[in-house]
Structure formats: C-alpha cells, structure tokens
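>>> sequence and computational prediction follow.
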Amino acid sequence: MSNPLKEEHSEKADIIEMKKKLDARTGSETKFSPSENQVITLRHALNILNHLDVLEVLSLNKYKVNSTIKRAKELEKALIHDFILGKLTIKLYEDLREKAFNPELNVSDGFFVSFDEYELNVNEALFSKYIREWNESLSEENSFDSSIELLHFRNNIGKVLVTRNSEKFAYDKRSMFSTKFVDESKVLVEIDFNANIVYFQTSNTTKYRTIKTVVKLFLSNLFDEEKFRLLPPKMSQKLNFNFSEENNAATVHNNISPNTIKLLDLLLELEDSKSNFNELVCVDISFDHEDSKKENLKSKIDRQGFGGEDLLSKGDIKQHITNNRGILQIVFKLTYTEELPENKIRKHVMLAGIDNDTSNHIRIYIQNSNLDLKRVVNKAYVDLKDIFIKNTSSSSLRNEEKIKLLLGL
C-alpha cells in the first residue's frame with residue numbers, strides 16, 4: 001500500500017529540484033514561482049473543469065498549447081509542469097481557479113450600480129486591508145454574517161466573492177414546530193474604481209439585493225463615508241443644438257429624455273466597427289407612461305404591433321422618443337462575431353436586453369437556452385459589459401450624429 005505522506009514529501013522534493021534546475025539554466029528567479037498550496041489548488045481546479053473550459057481560459061490568456069497534446073490528461077500534466085517551472089502567469093492561475101470554484105460564472109446577466117467619486121486612491125494593499133477588517137470585525141459590528149474573498153485586483157478593478165448567511169425559519173404544520181436554517185447567498189462582484197461602477201454577476205434579484213447591502217456598507221467603511229450610496233449608473237446626456245445658417249437660429253433638443261439619449265448611444269456603440277457586435281435589431285421596447293408624474297404605469301409597444309421589424313426605424317417609436325418618453329426596457333437581436341484560431345470567425349445571433357430601472361439599477365442580460373452556446377454567450381456578455389461600462393463612464397456621446405440621423409433631427 002502506498003504511503004500518502006511519503007508521496008507528498010516526494011512531490012515537494014520534485015518541485016524544489018525542478019525549480020533549482022530552471023534557475024541554474026536561466027541564472028535568475030522565475031517570473032512567478034508558485035507555492036505548494038497553489039500547485040495543489042491548480043491540480044484540484046483542473047480535475048473539476050472540463051477540457052473545453054480549460055481551453056477557453058487558456059485562449060483568453062493567449063497560452064499556446066503544444067500541437068502534440070491531444071488529450072485532457074496530457075494537457076493537465078503539461079499545465080502543472082509549466083506552472084511549477086514558472087511558465088504560467090498569476091492571471092492564468094487565478095482565472096482557472098475562479099472558473100473551477102466560484103459560483104454563477106456562466107450567468108450572462110448582471111446588475112449595475114454606481115457611486116460618487118472620492119479623493120481616496122484605492123490600491124490593492126488598501127483594498128485587501130479593508131477586506132481583512134470586514135471579515136475579522138466589521139461584518140459582525142454591522143450585524144452581518146458575511147465574508148468577502150478577494151479574487152484579484154487588476155487595473156484598479158477589485159473582483160470579490162461576497163457571501164452572506166441569513167437566518168430563516170420554516171413551520172411544519174404536522175409537528176407544529178418551526179425549524180431554523182441558514183440561507184447562503186454568494187455573488188461575484190466587480191468594483192471598478194476607474195468608472196465608479198459596481199457589477200453584481202447574478203440573474204437572481206433576491207441575491208443581488210442581499211449582497212448589495214453588504215457591498216454598500218463595505219464601501220462606506222472603505223471611503224469612510226456615512227452617507228455613501230449605490231445608485232443607478234448615470235445614463236444622462238443631452239444632444240447639442242443644431243444651427244441653421246439660413247434662419248440664423250439654433251434648434252435645441254430639450255424634448256428628448258437625456259436618459260434615453262444615452263441608452264441610444266450605447267445601442268449604436270454596439271454596432272461600431274471596433275466591436276464584435278453588429279446587425280442590431282430592436283424587437284421589443286417599453287416606455288414610461290406619458291403622464292408618469294401621476295400614473296405608475298407602462299405604455300408598452302411590442303413587436304406584434306409593428307410586424308417584428310426593427311422598432312427603432314418605426315415612426316411611432318421615434319415620436320415617443322421625441323416626445324420625452326423614457327425607455328424602461330429594450331430587447332434586441334444582435335450578431336456576435338466569435339474569433340477562432342487561424343484568423344477564422346463564426347457569427348452567432350443572440351437576444352439581449354436592458355432593464356433601465358432609473359430608481360435602483362441597470363440590468364443587462366443575454367438570453368441563452370442552448371447549453372452548447374454557453375461558452376460563446378459568456379464571452380459575448382463580457383464584451384457587452386465592457387462596452388456598457390466604457391460608454392457609461394464617457395462624459396460625452398460617442399454617436400451623437402447617428403442619434404440625430406436615427407431620430408430624423
């Protein structure tokens with residue numbers, strides 16, 4: 001019978017010896033020298049992930065797999081070997097770990113909120129310090145059973161896994177007793193300190209609200225701001241006036257909702273040549289009520305009423321927009337171009353949507369009922385999310401002339 005302790009000791013010795021040989025050849029330390037725990041964690045992650053998941057992470061990190069490697073076990077062995085030798089980046093390791101162990105990574109959905117700009121310069125050391133304080137004392141002081149795990153801090157964006165346990169009860173009519181249980185909520189959260197936007201990666205509204213409270217108090221402590229608030233991203237922008245030399249006068253476009261203008265700017269940005277998206281067609285749209293100050297109603301225009309063509313080209317829709325009606329929800333088809341090896345591409349038609357809840361958050365999603373397309377849809381959603389954040393953080397419109405042309409102004 002084999003001795004696990006002896007095998008573990010032998011594995012440690014092999015790792016140390018391989019590092020010594022590499023350093024002797026290069027005359028210097030490796031770029032990233034993993035610890036024993038990291039090697040074990042990577043091995044565990046590779047056991048959990050399927051072959052396609054691993055290849056996807058490798059592709060995103062531009063890691064080239066040797067053409068002689070054909071089987072999953074061969075790839076796993078090669079990755080462990082390269083990891084020990086310091087040939088894998090810390091980002092690649094973290095991405096594989098994240099893919100294997102964190103929940104809801106395949107959800108092409110999420111909620112966005114924003115926060116005010118503060119003078120505090122948040123770096124990884126400060127961010128990590130407040131996470132430790134939250135886990136050690138601040139969570140309990142705020143009456144939360146919660147924890148925050150730092151996944152990574154890159155480009156001034158902190159990615160964390162937030163867990164919150166809530167005590168709940170269930171009543172049994174037969175025994176006439178109640179039982180107590182713990183309901184655990186976990187959500188991946190990205191805090192962008194460049195754009196001042198927080199992204200909650202989940203399709204579950206209840207989980208989002210539960211975790212949002214934790215994040216709000218955590219950031220309140222980080223910025224030392226008692227009145228800290230999480231609000232919908234600022235989707236507000238006005239069109240510049242048109243000047244007519246003939247009449248020597250200017251036409252001011254005050255009859256269009258600034259929120260709707262910014263939303264149209266985002267949709268047109270998706271068709272930009274630099275994006276992997278194109279051929280956007282609006283198939284469903286909801287406006288606020290024309291007398292929204294008095295009525296809490298929605299006036300809905302859907303594809304059935306307009307023959308299923310691009311609704312943004314319809315005169316009725318343009319009239320609603322130019323009459324200062326705000327867009328609450330919009331659903332659109334768009335084509336996503338997937339980049340393949342050897343400069344090949346594949347196009348996918350997807351159905352996406354934006355819920356523009358101006359009082360709480362903005363939700364953006366891509367619908368997917370085909371598990372075979374999960375990987376592609378996830379990649380498309382990352383691109384969609386990045387375009388949204390860049391567009392939102394921009395202080396000016398990127399497609400103003402296109403908006404005017406679209407609305408016939």
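Looks like it arrived, so ask away. Numbering: from 1, shown residues only.

>>> what's the spacing between the closest residue to D192 other than its chain neighbours and V189?
Closest residue to D192 apart from its sequence neighbours, by C-beta to C-beta, 6 or more residues apart in numbering: I157 at 4.9 Å. In short, each C-beta sits where N, CA and C put it, glycine included. Here the criterion is C-beta to C-beta, to the nearest Å. By it, I157 lies 11 Å from V189.

>>> show me the contacts for Y130.
Y130 makes contact with 138, 218, 221-222, according to C-beta atoms under 8 Å, 6 or more residues apart in numbering.

>>> sitting in helices, which of the residues you listed do you find?
Judged by DSSP state H, the contacts of Y130 include 218, 221-222 as members of helices.

>>> can you pick the most crowded of those residues?
Among these, F218 has the most neighbours (other C-beta atoms under 10 Å), with 25 neighbours.

>>> so that one is in contact with S147, correct?
No. Applying C-beta atoms under 8 Å, one finds F218 not in contact with S147, separated by 10.8 Å.

>>> joint contacts of these two?
Both F218 and S147 are in contact with W134, where contact means C-beta under 8 Å, 6+ apart.

>>> helices of the stretch 151-300 of the chain, start to end?
Along the stretch 151-300 of the chain, counting by DSSP state H, counting those that start in this stretch, helices occupy 205-222, 258-269.

>>> can you report phi and psi for E94?
Reported as degrees, to the nearest 10, the phi and psi values for E94 are phi -60, psi -40.

>>> who has more neighbours out of I157 and V189?
V189 (24 against 16).

>>> check contacts around the more buried one.
By C-beta under 8 Å, 6+ apart, the contact list for V189 reads 159-162, 198-201, 211, 215.

>>> now do K333
By C-beta under 8 Å, 6+ apart, the residues touching K333 are 279-281, 283, 349-352.

>>> of all these, which comes closest to E269?
Set against E269, the nearest of the contacts of K333 by C-beta to C-beta is L280 (9.9 Å).

>>> hang on, W134 packs against L219?
No. The pair W134 / L219 is not scored as a contact, 10.3 Å apart, by C-beta under 8 Å.

>>> what about those two, which has more around it?
The residue with more neighbours, out of W134 and L219, is W134; 23 against 19, by other C-beta under 10 Å.

>>> which non-adjacent residue is nearest L75?
Computed as C-beta to C-beta, 6+ apart, the closest residue to L75 that is not its neighbour in sequence is I69, at 5.3 Å.

>>> assign a three-state SS to that neighbour, would you?
coil (DSSP: H, G, I helix; E, B strand; the rest coil).

>>> how many residues are close by it?
Around I69 there are 14 other residues, counting by other C-beta under 10 Å.

>>> next: the one 10 residues further on.
Residues contacting L79 under the criterion other C-beta under 10 Å number 24.

>>> for the stretch 301-409 of the chain, which spans come out with low pLDDT?
Residue ranges of the stretch 301-409 of the chain with pLDDT under 70: 301-309.

>>> rerun at 90
The model of the stretch 301-409 of the chain has pLDDT under 90 over residues 301-330, 338-345, 356-360, 367-379, 390-409.

>>> and the contacts of Y130, which is closest to H320?
When the contacts of Y130 are compared for distance to H320 (C-beta to C-beta), F218 wins out at 40.5 Å.

>>> and the residue nearest to the closest one when sequence neighbours are not counted, how close does it get to L311?
Spatially, and ignoring its direct neighbours in sequence, F218 is nearest to W134 (5.5 Å; C-beta to C-beta, 6+ apart). Separation of W134 from L311 (C-beta to C-beta) stands at 46 Å.

>>> do L267 as well
Following C-beta to C-beta, the distance that separates L267 from L311 is 11 Å.

>>> joint contacts of those two?
Listed as contacting both L267 and L311 by C-beta under 8 Å, 6+ apart are C282.

>>> quick revisit: nearest to G110 among the contacts of Y130?
Ranked by distance to G110 (C-beta to C-beta), the contacts of Y130 are led by F218 at 18.5 Å.

>>> what's next to stretch 383-398, contact-wise?
Residues outside stretch 383-398 that contact it (C-beta under 8 Å, 6+ apart): 110, 112, 114, 192, 194-197, 199, 233-235, 237, 239, 261-262, 265-266, 268-270, 272, 275-277, 336, 352, 364, 366, 403.

>>> which of these fall within strands?
Here DSSP state E is the test, and the contacts of stretch 383-398 give 110, 112, 114, 192, 197, 199, 277, 336, 352, 364, 366 as lying in strands.

>>> nearest spatial neighbour of the third one, chain-adjacent residues omitted?
Once flanking residues are discounted, S114 sits nearest to P233: 4.4 Å by C-beta to C-beta, 6+ apart.

>>> then the first one?
Residue nearest to G110 in three dimensions, not counting chain neighbours: Q201, with 4.8 Å by C-beta to C-beta, 6+ apart.

>>> ok, the one you found - how many residues close by?
Around Q201 there are 22 residues (other C-beta under 10 Å).

>>> what's the separation between it and R375?
16 Å.
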